[in-house]
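# sequence plus predicted model, see below.
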Number of protein chains: 2
Amino acid sequence: MGIFQRFARLPLKSTYIWSLCPQYSTDLTTVDSALIVRSSNTGAAPPRLPFSRVTQEDLAFFRALLPGRTITDPDLLKSSNVDWLKTVEGNSEVLLRPKTTEEVSQILRHCNERNLAVCPQGGNTGLVGGSVPVFDEIILSTSLMSQVITFDNISGILTCQAGCVLENLSNYLEERGFIMPLDLGAKGSCHIGGNVSTNAGGLRLLRYGSLRGTVLGLEVVLADGRILNCLATLRKDNTGYDLKQLFIGSEGTLGVITAVSILCPHKPKAVNVAFLGCSSFQQLLETFQRCRGMLGEILSAFEFLDASCMSLLEKHLKLTNPITESPFYIVIETAGSNATHDEEKLHKFLEEVMTSSLVTDGTVATEATKIKALWSLRERVTEALTHEGYTYKYDISLPVEKIYDLVQDMRGHLGDMAKNVVGYGHVGDGNLHLNITSPSKDPALLAAIEPYVYEWTSEWKGSISAEHGLGLKKRNYIYYSKPSEAVALMGSIKAMLDPKGILNPYKTLPDNIH
Amino acid sequence: MGIFQRFARLPLKSTYIWSLCPQYSTDLTTVDSALIVRSSNTGAAPPRLPFSRVTQEDLAFFRALLPGRTITDPDLLKSSNVDWLKTVEGNSEVLLRPKTTEEVSQILRHCNERNLAVCPQGGNTGLVGGSVPVFDEIILSTSLMSQVITFDNISGILTCQAGCVLENLSNYLEERGFIMPLDLGAKGSCHIGGNVSTNAGGLRLLRYGSLRGTVLGLEVVLADGRILNCLATLRKDNTGYDLKQLFIGSEGTLGVITAVSILCPHKPKAVNVAFLGCSSFQQLLETFQRCRGMLGEILSAFEFLDASCMSLLEKHLKLTNPITESPFYIVIETAGSNATHDEEKLHKFLEEVMTSSLVTDGTVATEATKIKALWSLRERVTEALTHEGYTYKYDISLPVEKIYDLVQDMRGHLGDMAKNVVGYGHVGDGNLHLNITSPSKDPALLAAIEPYVYEWTSEWKGSISAEHGLGLKKRNYIYYSKPSEAVALMGSIKAMLDPKGILNPYKTLPDNIH
């Protein structure tokens, strides 16, 4: 099983709490008083937890509930068992395709009673192995839950099932004069339920904020099959604790999201994209500062890629660099309500950064196909990297002025060991995608990268996962970004909502909590 | 004790779960299997829970920990025992004024061990009796925790102690070219910790979103004194569950917020305020739709008040109506980066709504003192109402097209029983402040208002508390806006984090969960 299974090397100062699996401690006090041990720096795989195995009786139950939608053919299961990056592969023998919340409820009630583990799966586009089974977990796919439930074109509030593909929702909304508040490269495959479960960031976060603000309501099925209906469509509601937040970003470990209501912005009347070159990262940062001041409320994205990314785009995807070669490239998007005003603001800004030599070259697009072409230079970097062999991927939040230092330090640190060390990402959010490629898997290279990258990030109080989540791959590194008290409390929440631990086991929480 | 103590009349369809106090069920399964009873429509006060009484030994402990900051003089305690509206009064004999997180930790550790109840208090400006003791709870005030810890003028991220007054933070930031992402009438008194604890909405939510998006990190002291440091200063961080969300809006019932980090927007270069009159609410709504389309990204507030509010402003506060009398008044604010562009957009919009007769009269201010004067017509309505006698206050979220129907239906329903039925609030957020005045407390009037107002709201799937929270006054009405499964889960969370229930008892959760 080609599973990417490693344990974190914890920072030396970390101590943390051990609890036996699958018996979770049920409150914080119990967790805290448990035996405290130091982790061993072992690379051993997590053991399969003692869940039941799927029996013929289980299959009969599923087939009666989901006729024609209980998949057991190994060929049909193959693509659901492996992640998009082909770095994590499970061995599930059952894929379930419910169409309704009630069906999801009955599936989970059965699995909880039978102690069967479940891996919820949306578009399976995650980058940390969160959406595929690790062993034989039953795959619960939202792919047939793809109905729009309601859309209110006065408030812009959309309510839909969890399996709606992001791009389909975007198209649906654009026809009605609205847009989704998030956009990301995987939009053609990813499901809105998966986006919410992973608290996906993406390209519009700078402008419209995170899903924690734009998601207004959720319907969730809990581990024991109970349906929690918090599908409000109100901008403001302070009646008790905001339960939906528990399920945003918890990667399907606390419940299965079955429906989402989300606040959608009006479609901007004018969009411009500028693609610019900078000769240093310092100049790029200075350009960002000027940009925020001069473009203000119409700035909707400020992204970057380095020259190494551009080489890979040219080499593997045959994309053409539209400007002269530079060490750094910026994608700036404006979105506003008045084309003339927006163009005037953008023009003044470009004049300023060109005359002050912050930017060495650039091009601007206002037409849809040209905008798409410029955006693809940023959006397709991930795809270009897959042609390089094996890619070690890191998704880091840092103070914005530090983000490229990590790329440079890593290059110095790795020397000739890596084929490529590239950096790109969301400058506006202080979010770096650091990618290190190698012709194939290379344990020596990995040992040189980790824990170096995590220690570096921790030293600058960054996040070791800005937007990708922890999933299987990063679960044990959580202590680099969160104190042990916080992780213990997460374990208590898991124990409260999923006492048998059947929901997406081996994900998000570290092995000492599982 | 003039405590405003009423039980909810539950909607007939509601069934809910009873658990004995103060023994909380520790997980959802236990809660669910507990005895299910129907509420009685009794008006009895909540009983004092069996917490310990403060002893001389306790006082000696507090005095040693907080010399000169352990207040027991009844005269000095008076203002902390009563809410701003003077509708809820407790009988606490101890007010503690810690300066540091460590002191808060030691206070709570002691209180938890001794089973002493605690009422956390910020600026005590809440409107639902959440910030004052009900019986003899120890008042834990954040008033001396008023230090700015850091401010990063590149990212705009502010980190400060919980007791900083909102207006002081606003002034601090404005000197540095930034603003707070929230603003509200009580800004001169309210504390940022209280704002976060109550998930305060206010006047800028339309533009900058809720605190769930702008608060990046919190430091919280748990009921047993443990310090949970989630004080991140990152825009993106997907490492595990987002614990800080538990403490946003939970009104001090799950932990005491001691520090906050928050993302602050750049100070806009240009601000305009328009004060307009409309002859019907339908025209006001149409004006809102045009406004969103034409002002787009520069629209920062769209507020309204009705003619009854204006009469009270004139009568009690001697404010002058700057335009001709109208049934409805709108306050529109624009905030942008280019004064010329903003004025052009606003001018076109005003021309459109005047020529199409949506708006009957209006005035525009661009200068700071005039802007303040126009804003005060909206911000001081609450104050004007206090001069009317007794005010029954309701803070309702509804689909925007329904918000004024409730005011009109209530007028018809109450007839001559009420002195005044007025409506004002945040049109942009679908948030109505419905206020009903009477010369003094009037049980017959109250019986006519409730549960009518809650049933009306529930029928339209609204929220019975949009931004004020539930506190003491509204706790038992939670079932009008949340299903019983959700309330049961809230009880489980409370039990997990505060097993003895010492933190702000009798607040937020309904009595059947307490």
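Looks like it came in fine.
# assign residue A:158 to helix, strand or coil.
strand (DSSP: H, G, I helix; E, B strand; the rest coil).
# can you report how many residues neighbour the closest residue to it other than its chain neighbours?
Closest residue in space to residue A:158, ignoring its immediate chain neighbours: residue A:151 at 5.0 Å, by Cβ to Cβ, 6 or more residues apart in numbering or on different chains. In this view, the C-beta of every residue, glycine as well, is placed from N, C-alpha and C. For residue A:151, the neighbour count with other Cβ atoms under 10 Å in any protein chain shown is 17.
# and for residue A:64?
As a burial measure, residue A:64 scores 9 neighbours (other Cβ under 10 Å).
# buried set for stretch A:156-168?
Across stretch A:156-168, burial judged by 16 or more other Cβ atoms under 10 Å in any protein chain shown covers A:156-168.
# re earlier: and the residue nearest to residue A:158, helix, strand or coil?
Strictly by three-state DSSP, residue A:151 counts as strand.
# got the confidence number for it?
pLDDT recorded at residue A:151 is 97.
# the helices in the stretch 201-350 of chain A, which residues?
Applying DSSP state H, counting those that start in this stretch to the stretch 201-350 of chain A gives helices spanning A:205-208, A:211-214, A:244-247, A:281-295, A:307-317, A:339-355.
# should've said the stretch 1-150 of chain A
Under DSSP H, counting those that start in this stretch, the stretch 1-150 of chain A gives helices at A:28-33, A:56-65, A:74-81, A:101-114.
# mean pLDDT lowest for which of these?
Across the helices of the stretch 1-150 of chain A, the lowest-scoring stretch is helix A:28-33, with a mean of 29.
# so, low pLDDT: which residues of chain A?
Counting by pLDDT under 70, the ranges of chain A that qualify are A:1-45, A:514.
# most centrally placed residue in it?
residue A:468 (3.1 Å; Cα atoms, centre = their mean).
# correct me, but it touches residue A:397?
No: using Cβ atoms under 8 Å, residue A:468 is not in contact with residue A:397; the gap is 10.8 Å.
# mind checking how far the nearest residue to residue A:364 once chain neighbours are set aside is from chain B?
Nearest-residue entry for residue A:364: residue A:274, 4.8 Å, with adjacent residues in sequence omitted and distances by Cβ to Cβ, 6+ apart. The gap separating residue A:274 from chain B is 17 Å, by Cβ to the nearest Cβ, to the nearest Å.
# what's the neighbour count on residue A:274?
Residue A:274 is flanked by 21 other residues according to other Cβ under 10 Å.
# cool, and residue A:311?
15.
# same deal with residue A:111?
Counted with other Cβ under 10 Å, residue A:111 comes out at 28.
# start to end distance for stretch A:163-179?
End-to-end distance of stretch A:163-179 (Cα to Cα, to the nearest Å): 18 Å.
# and the spatially most distant residue from the centre of chain A, how far is that from chain B?
Farthest-out residue of chain A from its mean C-alpha position, per Cα atoms, centre = their mean: residue A:355, at 38.3 Å. Separation of residue A:355 from chain B (Cβ to the nearest Cβ): 19 Å.
# same question, residue A:76
From residue A:76 over to chain B (counting by Cβ to the nearest Cβ), the distance is 31 Å.
# so that residue makes contact with residue A:97?
No: in this structure, residue A:76 is not within contact of residue A:97 by Cβ under 8 Å, at 10.6 Å.
# up against chain B, what does the stretch 51-200 of chain A have?
Contact residues (Cβ under 8 Å from any Cβ of the partner chain) of the stretch 51-200 of chain A with chain B: A:152, A:154, A:155, A:198, A:199.
# which one of these is nearest chain B?
residue A:199 (5.4 Å; Cβ to the nearest Cβ).
# run a quick neighbour tally on the closest residue in space to the closest one that isn't next to it in sequence.
Spatial nearest neighbour of residue A:199, excluding adjacent residues (Cβ to Cβ, 6+ apart): residue A:249 at 3.2 Å. As a burial measure, residue A:249 scores 26 neighbours (other Cβ under 10 Å).
# residue contacts, residue A:249?
Residues near residue A:249 by Cβ atoms under 8 Å, 6 or more residues apart in numbering or on different chains: A:197, A:198, A:199, A:211, A:212, A:469, B:238, B:241, B:242.
# at 7 Å what do you get?
Applying Cβ atoms under 7 Å, 6 or more residues apart in numbering or on different chains to residue A:249 gives the contacts A:198, A:199, A:469, B:238, B:242.
# quick check: bridge partners of the residue nearest to residue A:364?
residue A:332, residue A:364 (DSSP bridges).
# show me what contacts it?
Contact partners of residue A:274, counting by Cβ under 7 Å, 6+ apart, are A:332, A:346, A:350, A:362, A:364.
# save these as TSV, and put in distance to residue B:71 too.
Shown next, in TSV, are the contacts of residue A:274 (distance: Cβ to Cβ, whole Å):
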residue	distance to residue B:71
A:332	55
A:346	58
A:350	60
A:362	63
A:364	63
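# who wins on neighbours among the residues you listed?
Busiest of the contacts of residue A:274 [other Cβ under 10 Å] is residue A:332, holding 28 neighbours.
# I'd guessed it sits against residue A:291; true?
Yes: judged on Cβ atoms under 7 Å, residue A:332 makes contact with residue A:291 at a distance of 6.3 Å.
# overlap in contacts of the two?
Contacts common to residue A:332 and residue A:291, judged by Cβ under 7 Å, 6+ apart, are residue A:302.
# coming back round to it: filter the residues of the stretch 51-200 of chain A next to chain B down to the ones in strands?
If you go by DSSP state E, those have residue A:152 in strands.
# do you know how far residue A:480 is from residue B:297?
According to Cβ to Cβ, to the nearest Å, residue A:480 stands 37 Å off from residue B:297.
# can you give me the helices for the stretch 401-514 of chain A?
Under DSSP H, counting those that start in this stretch, the stretch 401-514 of chain A gives helices at A:403-414, A:443-449, A:452-459, A:484-497.
# most tightly surrounded among these?
Mean neighbour count (mean count of other Cβ atoms under 10 Å in any protein chain shown) peaks for helix A:484-497 among those, with a mean of 23.
# output the contacting helices and strands for it.
The contact analysis (3 or more Cβ pairs under 7 Å, 6 or more residues apart in numbering or on different chains; DSSP states H and E) places helix A:484-497 against strand A:16-17, helix A:28-33, strand B:227-230, helix B:484-497.
# between helix B:484-497 and it, find me the angle.
Per axes from the mean of the first three to the mean of the last three Cα atoms, to 10 degrees, the angle that helix A:484-497 makes with helix B:484-497 is 140 degrees.
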